[in-house]
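Asker: got a predicted structure here, sequence first:
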Amino acid sequence: MIQPPQRTAFSHVHPILTRAQDNDANGHIAGSTVHAYFETAIHAFLIEHAELDLRDGELAAFVVSSAADFYALPSFPDVLEVALGVTRLAGSTVEYRLALYRPGEAQACAAGTVVQVFIDRASGQPVALPAQLMAKLAALLERTH
């Protein structure tokens, strides 16, 4: 298990409103739902800050790997925040570092990584990150180390 990251390590935070169906049979947020929260925060950043059209644009982004460690058990109706950073940029690949927090709390409920590969939608082939996207992601990289 990795050590939970400190909230202060992140400069970008995305709010998450939990729903009743997010809870698992034990009454806590399901692990698969935490991964969905992570992807939601990544896609929101790419759409809102990097101005990517992930549905119909020239680039498509695919998750090729994800992992998470859990430290606390949030549940509906908690309001949560996903903190987002970048640990690696290489060619067509971005590795994100994420952490799930309750607002105002320093201790993460969960933390993990997501690796995403960008492809050219028309050819289906990996493509180097465009300069504008690289700059937006590099700003997150600088703040997470």
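Answerer: Received the coordinates, thanks.
Asker: which one's the longest helix in this protein?
Answerer: Ranked by number of residues, the top helix in the chain under DSSP state H is helix 31-48.
Asker: where do the strands sit along this structure?
Answerer: Taking DSSP state E as the criterion, the chain carries its strands at 12-17, 59-70, 79-90, 93-101, 110-120.
Asker: so which elements touch the third one?
Answerer: Counting by 3 or more CB pairs under 8 Å, 6 or more residues apart in numbering; DSSP states H and E, the packing neighbours recorded for strand 79-90 are strand 12-17, helix 31-48, strand 93-101, helix 131-144. In this view, the C-beta of every residue, glycine as well, is placed from N, C-alpha and C.
Asker: okay, the ones you listed in TSV with mean neighbour count next?
Answerer: Shown next, in TSV, are the helices and strands packed on strand 79-90 (neighbours: other CB atoms under 10 Å):
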stretch	mean neighbour count
strand 12-17	16
helix 31-48	18
strand 93-101	23
helix 131-144	15
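Asker: quickly, which of those bottoms out on average pLDDT?
Answerer: Mean pLDDT values for the helices and strands packed on strand 79-90 show the minimum at helix 131-144, a mean of 83.
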